[in-house]
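1. all I have is the shape, not the residue letters:
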């Protein structure tokens with residue numbers, strides 16, 4: 001197992017763990033910012049999982065457009081949540 005393989009797997013695992021912990025916290029508090037943050041980490045977890053799949057499982061195929069779309073979707077969810085929460089606090 002190479003170091004890069006371990007880093008890709010750990011990044012995906014960490015993103016999934018963060019998403020799960022944020023979703024659990026959102027389920028108890030119903031804080032909207034936690035919900036948007038958990039959606040962001042779900043997108044980043046999908047991005048990291050696709051990165052592992054792209055570079056380790058099928059290195060001959062380039063699926064970077066799907067990886068970039070997953071991270072864009074996740075960060076867009078967080079940006080939307082931040083903008084909406086800022087608007088509600090005024």
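-> Happy to help now that I have it. Predicted model only: the values in this text are computed from it and were never measured. Numbering: from 1, shown residues only.
2. may I ask which helix or strand of the chain has the lowest mean pLDDT?
-> One helix or strand of the chain scores below all others by mean pLDDT, DSSP states H and E: helix 64-89, with a mean of 90.
3. what helices or strands is it leaning on?
-> Secondary-structure packing of helix 64-89 (3 or more C-beta pairs under 8 Å, 6 or more residues apart in numbering; DSSP states H and E): helix 32-52. Placement of C-beta: from N, CA and C, glycine included.
4. by contact count, what packs against the helix it packs on?
-> In terms of contacts (3+ C-beta pairs under 8 Å, 6+ apart), helix 32-52 is packed against helix 3-29, helix 64-89.
5. if you count neighbours, what's buried in that helix?
-> Buried residues in helix 32-52, counted by 16 or more other C-beta atoms under 10 Å: 34-52.
6. next one: stretch 14-25
-> Result for stretch 14-25 [16+ other C-beta under 10 Å]: buried residues 15-16, 18-19, 22-23.
7. same check, this time on stretch 5-13
-> Neighbour-count burial for stretch 5-13, counted by 16+ other C-beta under 10 Å, picks out 8, 11-12.
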